[in-house]
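> Here is my input; please provide its structure:
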Amino acid sequence: MSGTRVARLPGFIIGLIAAVALDQFIKYLVEKGLPMHERVDLIPVLSLFRTYNDGIAFSMLAGLGDTGLALIAAVVIVFVLYLRARTDAHRHFAHWGYCIIIGGAIGNLIDRVWHGYVIDYILFHTESWSFAVFNLADAFISVGAAFVVLDEFLDWRSSRGEGAGDGNA
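Next up, the predicted model:
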């Protein structure tokens, strides 16, 4: 492990702890103050709506049960940690992406182990359409994945630019 990567580890751990803590704190507030299955409109397209998810994203794999889903989450966390360890230290978007992916996965894993389901509460909707109800941990996972994809694109573009310059000399 390079010295640069070791130096960045405290920031990664702080970011990870912050993501998990924020996710769990908001879920605590939702559990204590938001009625079950009652929509609370914030703006015309965004509402709070407390519900429980027995599966993973979009309630898929609900039939696997808590142990199976917790095992899948643990495998994903270990895999993303592996990817992070193999990613060069200068790839900042990827490292922050991995951080919030893992933070979101841990947040949902805590729910699954502690409650037997994941607490969801964010609902985007219109008069004729609504998106699946999700939570901050899910948003962390999605935004983190977008950061990793963005980093891959920027790295690809940078390496393309370096290669193009070699042929013009």
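> number of nearby residues for Met36?
9 (other C-beta atoms under 10 Å). Placement of C-beta: from N, CA and C, glycine included.
> ok, and the closest non-adjacent residue to it?
Arg50 (5.3 Å; C-beta to C-beta, 6 or more residues apart in numbering).
> Let me see the ranges of the strands in the protein.
40-43, 46-53, 118-124 (DSSP state E).
> Any buried residues in the last one, and which?
Just to be clear, that refers to strand 118-124. Buried residues in strand 118-124, counting neighbours by 16 or more other C-beta atoms under 10 Å, are found at Val118, Ile119, Asp120, Tyr121, Ile122, Leu123.
> Name the residues that touch it?
26-27, 30-31, 34, 39, 45-53, 108, 111-112, 130-131, 133-139 (C-beta atoms under 8 Å, 6 or more residues apart in numbering).
> Repeat the analysis, applying 7 Å as the threshold.
27, 30-31, 34, 39, 45-53, 108, 111-112, 130-131, 133-135 (C-beta atoms under 7 Å, 6 or more residues apart in numbering).
> Quick one: mean pLDDT for stretch 17-29?
In this model, stretch 17-29 has an average pLDDT of 98.
> What residues of it count as buried?
Those would be Ala19, Val20, Asp23, Gln24, Ile26, Lys27, for stretch 17-29 by 16+ other C-beta under 10 Å.
> what does the model give the nearest residue to the last one once chain neighbours are set aside for pLDDT?
Leaving aside its sequence neighbours, Lys27 sits nearest to Ile119 (C-beta to C-beta, 6+ apart; 4.6 Å). Model confidence at Ile119, given as pLDDT, is 96.
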